[in-house]
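*Asks:* Show me how the following folds:
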Amino acid sequence: MIQKEEIVDNIGSFLHDFVYSKIPGKEVFEQGFAEGRKLILLNVSPYADGMMLEVLLGISMLEVENILHEFSNRVFHPQDISLTYWKSLSSFSTHLPKRYFISSVSELHQILPDIEDVLVKKGFYWLDEFSDQQALASMMHQSIVSKEEDNKNLYLMSQRSLILQKLLNNVITDALFYTYYETLQLHKAPESQLEEFFKFRQYTEAIDL
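*Replies:* This next block holds a predicted model:
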């Protein structure tokens, strides 16, 4: 049966050619830029007769994550895997499944060309584009106001979006805040989150950057 290391090493060999390096002890590959890191995450889950693979692309803006952790009274280390925004590689192609079940090396070699093709044609460009703070802020804002974002991600995304606005020296207006607040209400966010969101606005407004 195929081993996790074989999957990670095969994909890692390809990613190395595009200057992505493996984070020791994790199935994550990174490429740094001024404000953070572009990340490719391999979620590999073992089963009795094989491995399940999901590939995620993520952007981690270090200052955003640091501020978010400080608000939550949690320690943040720059090497921590904390994603400001992420997408499944499958979202870039109708031909890629969200997850692959792999039971042998031959099966892995059959699916690798598809994964590599989508990364080269779309995935790497997406990571490059949204490593720009302004582009990421605009995209996250649209994701929130479109009311199509996954419920479980919406609250933290709204917090991260406000932090990005602050870092870009944009005023967090009442209109912007209440648009996010009402979207959280629409998605039935618990009352505790809605109350905390008010406190979070006050926190971000008080930050001296």
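
*Asks:* only C-alpha atoms for contact and neighbour calcs from this point on.
*Replies:* Noted.

*Asks:* Give me the residues contacting the lowest-mean-pLDDT helix or strand in the chain.
*Replies:* Least confident helix or strand of the chain, by mean pLDDT, DSSP states H and E, is helix 151-167 with a mean of 90. The list of residues contacting helix 151-167 from outside it, by CA atoms under 8 Å, 6 or more residues apart in numbering, reads 64-65, 67-68, 84-85, 133, 137, 140-141, 144, 171-172, 180, 184, 187, 189, 193, 197, 200-201, 204-205, 209.

*Asks:* remind me which residues of the chain are low pLDDT?
*Replies:* 76, 78, 147-152, 209 (pLDDT under 70).

*Asks:* all strands of it, in order?
*Replies:* Along the chain, the segments classed as strands by DSSP state E run 21-22, 28-33, 36-47, 50-61, 85-88, 100-102.

*Asks:* ok, for the residue positioned nearest the centre of the chain, nearest residue in space, not its chain neighbours?
*Replies:* Centroid-nearest residue in the chain: residue 86, 2.3 Å away (criterion: CA atoms, centre = their mean). Residue nearest to residue 86 in three dimensions, not counting chain neighbours: residue 58, with 4.0 Å by CA to CA, 6 or more residues apart in numbering.

*Asks:* ok, now which ones touch residue 7?
*Replies:* residue 108.

*Asks:* Please state the offset of the least confident helix or strand of the chain from the chain centre?
*Replies:* 12 Å (CA atoms, centre = their mean, to the nearest Å).
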